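sharing a sequence plus its predicted fold:
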Amino acid sequence: MTDPDSTQRMEGLLAVSRALAAAPDMGVFLNNLITACAELTGCEIASVLELEEDGKQLRFLAVPWFYLEALQTLKVPLKESIAGRAVRTGKPVVVPDAAADPGHFRGIDQAAGFTTRSLAAAPIVYQDEVLGALETVNKVADAPFTEQDIEALAALASYAAVAIHITRLVRKSEKVVDEMNRLDRMKSEFIAIASHELRTPLGLILGHSTFLREVIQPEHRPEMEIVVRNAMRLKEIVENFSNIDNVRRGMATLRRRVFSLKRAIEEVRDSFYQETHKKGLSLRIETGEDPLMVEGDADKIAIALSNLVQNAVTFTNAGGHILIAAEPMPGYVKVSVIDDGIGIPLKDLPHIFERFYQVETHLTRKHGGMGLGLSVAKVMIEMHGGRIWAESVEGKGSNFTFILPLSPGEPPPALSS
Ligand code: ADP
């Protein structure tokens, strides 16, 4: 091996910088970087050491594969090593004769069965933070390190800095994803337990209060009405819980039959008559003459549609308008629930189908709900091979649309209006 000339050095550095932009894996990139580093500085081997979180020692992040086993668990002390000196001073360090330098950490040679004769180390710095060091070892023919060697080493150290920074970001985001998955599992378990434990007592409250409403003295009926209405509301929440839980556990099944979606839409409209009337909202449907025959689980489609209409009712102020429109398309039927209510801010729109997502926080919230209605609607529609999406302008209103295949054999429709 001979020293590369300046053109070879420039070409080598360019190749490494291009590889950094293209590398899918930073571990592979760092391994290529140490090979290039040894070549461009005319040395036998090179390695990357990362400063540990405690800031007291370094560990090897990239070494030639034949030393990997010997060195991957080795800790290199910050105070008694040449790499540590580069990290501490923030400057390149050149050691022409390692045997004569008391700062050289001999543990590396012992572990790897190697003899370090000369070495140079450059700090790896990312935005003022020293992340580690790049070392190049044993200059060929025991020649002295040149200025060009140290320049190449420093340039490669700056590429290594970007790679280590990216590696750390990936590690951090993996931790966050793990934590999110853990929380998601806890949420799911909570849903399962809550829906199971609440169902029986709630059934009893509802049964007895409905009975009492009929037999009670007329002057107490309004109070009883409130009890029944709120027990019904609780029942809806528990049903949403168990719908979500069944889907999660793969226990949700479709009871398919051919039914008229037009009829189902009319039934949903009728079920909201009292609520819309009381709130001063107009609720219209536009379904045309076609009965819109669909093969699917009528109950689940009705739940999805009711949840959309419930939201339209909740988030539209008195005097507002709600329209349920349905039209046949080749192989599908398209249903939209359109309101001229408060709308949804653009930043929240991509998240509203997530479980427990609500635009307002629980603390500032004026409206009820658990942030489950839309996620339930989404799973109900997607179980049928359909798609659901929302368009909305804050302050103007919202349009929730789903498309549903007419029969199970249809390919999934594309996500567009
Ligand atoms: P919730 O049961 O709390 O309403 P959903 O999952 O049904 O939960 O809806 C999630 C959030 O999306 C709601 O809290 C609300 O902020 C927003 N949202 C849903 N539908 C509408 C709508 N038609 N108009 C305005 N905001 C809506």
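Arrived safely.

strands of the stretch 51-200 of the chain, start to end?
Listed in chain order, the strands of the stretch 51-200 of the chain (DSSP state E, counting those that start in this stretch) span residues 57-62, 75-77, 93-95, 119-126, 129-139.

adding distance to Ser158, mean pLDDT and mean neighbour count, write those out as CSV.
Using the backbone N, CA and C atoms, a C-beta is placed for each residue, glycine as well. Formatted as CSV, the entries for those read as follows, by distance: least, Cβ to Cβ, whole Å; pLDDT from 0 to 100; neighbours: other Cβ atoms under 10 Å:
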stretch, distance to Ser158, mean pLDDT, mean neighbour count
strand 57-62, 15, 95, 22
strand 75-77, 21, 95, 17
strand 93-95, 17, 97, 21
strand 119-126, 8, 97, 24
strand 129-139, 9, 96, 24
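
got the contact list for Leu156?
Leu156 makes contact with 13, 16, 33, 36-37, 40, 122, 134 under the criterion Cβ atoms under 8 Å, 6 or more residues apart in numbering.

in strands only, show me the residues you listed.
122, 134 (DSSP state E).

distance to the ligand for the contacts of Leu156 - can I get that in TSV?
As requested, the contacts of Leu156 are arranged in TSV below (distance: Cβ to the nearest ligand atom, whole Å):
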residue	distance to the ligand
Leu13	52
Val16	49
Leu33	48
Ala36	52
Cys37	53
Leu40	57
Ala122	53
Leu134	51
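
ok now the helix or strand bottoming out on mean pLDDT in the chain, how far from the chain's centre?
The element with the least model confidence among the helices and strands of the chain, by mean pLDDT, DSSP states H and E, is helix 6-22, at a mean of 82. Per Cα atoms, centre = their mean, to the nearest Å, the displacement of helix 6-22 from the mean C-alpha position of its chain is 35 Å.

touching it from outside, list them.
When contacts are defined by Cβ under 8 Å, 6+ apart, helix 6-22 is touched by residues 4, 29, 32-33, 36, 39-40, 148, 152, 155-156, 159, 162-163.

can you add pLDDT and give the residues you listed back as CSV?
Listed next are the contacts of helix 6-22 as CSV, based on pLDDT from 0 to 100:
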residue, pLDDT
Pro4, 79
Phe29, 91
Asn32, 91
Leu33, 94
Ala36, 93
Glu39, 92
Leu40, 93
Gln148, 93
Ala152, 93
Ala155, 94
Leu156, 95
Tyr159, 93
Val162, 92
Ala163, 91
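
and stretch 320-339 with the ligand, contact?
Yes. Using Cβ under 6 Å from any ligand atom as the criterion, contacts between stretch 320-339 and the ligand involve Asp339.

and that stretch, C-alpha only, in PDB?
Written as PDB, here are the backbone C-alpha positions of stretch 320-339 (Å, rounded to 0.1, in the frame of the first residue of the first chain):
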ATOM      1  CA  GLY A 320     -77.000  24.400  11.000                       C
ATOM      2  CA  HIS A 321     -77.600  21.800   8.300                       C
ATOM      3  CA  ILE A 322     -76.700  18.100   8.000                       C
ATOM      4  CA  LEU A 323     -77.000  16.200   4.800                       C
ATOM      5  CA  ILE A 324     -76.700  12.400   4.300                       C
ATOM      6  CA  ALA A 325     -76.200  11.800   0.600                       C
ATOM      7  CA  ALA A 326     -75.800   8.400  -1.000                       C
ATOM      8  CA  GLU A 327     -75.200   7.500  -4.700                       C
ATOM      9  CA  PRO A 328     -74.400   4.300  -6.600                       C
ATOM     10  CA  MET A 329     -71.100   4.000  -8.300                       C
ATOM     11  CA  PRO A 330     -69.900   1.100 -10.500                       C
ATOM     12  CA  GLY A 331     -69.400  -1.800  -8.000                       C
ATOM     13  CA  TYR A 332     -69.700   0.600  -5.000                       C
ATOM     14  CA  VAL A 333     -71.900   2.900  -3.200                       C
ATOM     15  CA  LYS A 334     -70.700   6.200  -1.900                       C
ATOM     16  CA  VAL A 335     -72.200   7.800   1.300                       C
ATOM     17  CA  SER A 336     -71.400  11.300   2.600                       C
ATOM     18  CA  VAL A 337     -72.300  13.000   5.800                       C
ATOM     19  CA  ILE A 338     -72.000  16.700   5.200                       C
ATOM     20  CA  ASP A 339     -72.400  19.400   7.800                       C
END
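
so what's the model's average confidence on that stretch?
Averaged across stretch 320-339, pLDDT comes to 96.

hmm, who's touching it?
Contacts to stretch 320-339, defined as Cβ under 8 Å, 6+ apart, come from residues 261-262, 265, 268-269, 276, 281-288, 290, 292, 294, 305, 308-309, 311-313, 315-316, 340-341, 386, 397-406, 410, 413.

just these: which are in helices?
Mapping the contacts of stretch 320-339 onto helices (DSSP state H) picks out 261-262, 265, 268-269, 276, 305, 308-309, 311-313.

tell me which element the closest residue to the ligand within the stretch 101-250 of the chain falls in.
Of the residues in the stretch 101-250 of the chain, the one nearest the ligand is Asn240, at a distance of 7.7 Å by Cβ to the nearest ligand atom. Secondary structure here is read from DSSP states H and E; on that basis Asn240 sits in helix 221-248.

which positions in that helix come out as buried?
Neighbour-count burial for helix 221-248, counted by 16 or more other Cβ atoms under 10 Å, picks out 224, 227-228, 231, 235-238, 240-245, 247-248.

from the chain's centre, how far out is it? Work that out for me.
For helix 221-248 - counting by Cα atoms, centre = their mean - the centre lies 31 Å from the chain centre.

ok, now stretch 204-213?
Here stretch 204-213 is found 44 Å from its chain centre; the criterion is Cα atoms, centre = their mean.

same thing with stretch 235-251?
When distances are taken as Cα atoms, centre = their mean, stretch 235-251 is centred 23 Å away from the chain's centroid.

can you report how many residues neighbour the closest residue to the ligand within the stretch 1-150 of the chain?
When distances are taken as Cβ to the nearest ligand atom, the stretch 1-150 of the chain approaches the ligand most closely through Pro24, which lies 36.8 Å from it. Summarising burial for Pro24: neighbours were counted as other Cβ atoms under 10 Å, giving 6.

so which bits of the protein are right by the ligand?
307, 311-312, 315, 339, 341-344, 352, 357-359, 369-375, 398.
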